[in-house]
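Asker: Below: sequence and its predicted model.
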Amino acid sequence: MQQDTYDQEIIEIEKELSAELGMNLHRVYLHHLLWDQDSLGFLKRIDNYLGLSESKGIKTLLVLLDDVWQPVPKLGKQA
């Protein structure tokens, strides 16, 4: 949920497709680097994401401190 890569339009499309497929839960992995970089913006984007999810009847499971999938984490676009 970085400012550079957070795309509300794409998220809205994905939520609509998920709802059409009958999905009712999305898991979102959050990394501490995002908090370190821009804590207030990070919280605003999470709030926006949760609002979009709620509007489609999709719950969200936030996974905190995700630092195991990438041995050397970095900000920016991911592989």
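Answerer: Arrived safely, thanks for sending. Residues are numbered from 1 along each chain as shown.
Asker: which stretches of the protein form helices?
Answerer: Counting by DSSP state H, the segments of the chain that form helices are 8-20, 32-55.
Asker: Quick one: low-confidence residue ranges for the protein.
Answerer: For the chain, residues meeting the criterion pLDDT under 70 lie at 66-71, 76, 78-79.
Asker: Let's see that with 50 instead.
Answerer: Along the chain, the model assigns pLDDT under 50 to no residue.
Asker: if we can go back for a sec, need the helices of the chain in JSON lines (columns: mean neighbour count).
Answerer: Glycine gets a C-beta too; all of them are placed from N, C-alpha and C. JSON lines is the format used below for the helices of the chain (neighbours: other C-beta atoms under 10 Å):
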{"stretch": "helix 8-20", "mean neighbour count": "13"}
{"stretch": "helix 32-55", "mean neighbour count": "14"}
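Asker: closest one to Gln2 among the ones you listed?
Answerer: helix 32-55 (6.0 Å; C-beta to C-beta).
Asker: I would like the residues contacting the closest one, please.
Answerer: Where contact means C-beta atoms under 8 Å, 6 or more residues apart in numbering, the residues beyond helix 32-55 that reach it are 1-3, 6, 8, 11-12, 15, 26, 28, 30, 59-60, 62, 65, 67, 73-75.
Asker: Among the residues you listed, which ones are in strands?
Answerer: Secondary structure defined by DSSP state E assigns 26, 28, 59-60, 62 of those to strands.
Asker: dump the residue contacts of the closest residue to Glu16 other than its chain neighbours.
Answerer: Counting by C-beta to C-beta, 6 or more residues apart in numbering, the nearest residue to Glu16 once its immediate chain neighbours are dropped is Lys56, at 6.6 Å. By C-beta under 8 Å, 6+ apart, the contact set of Lys56 is 15-16, 18-19.
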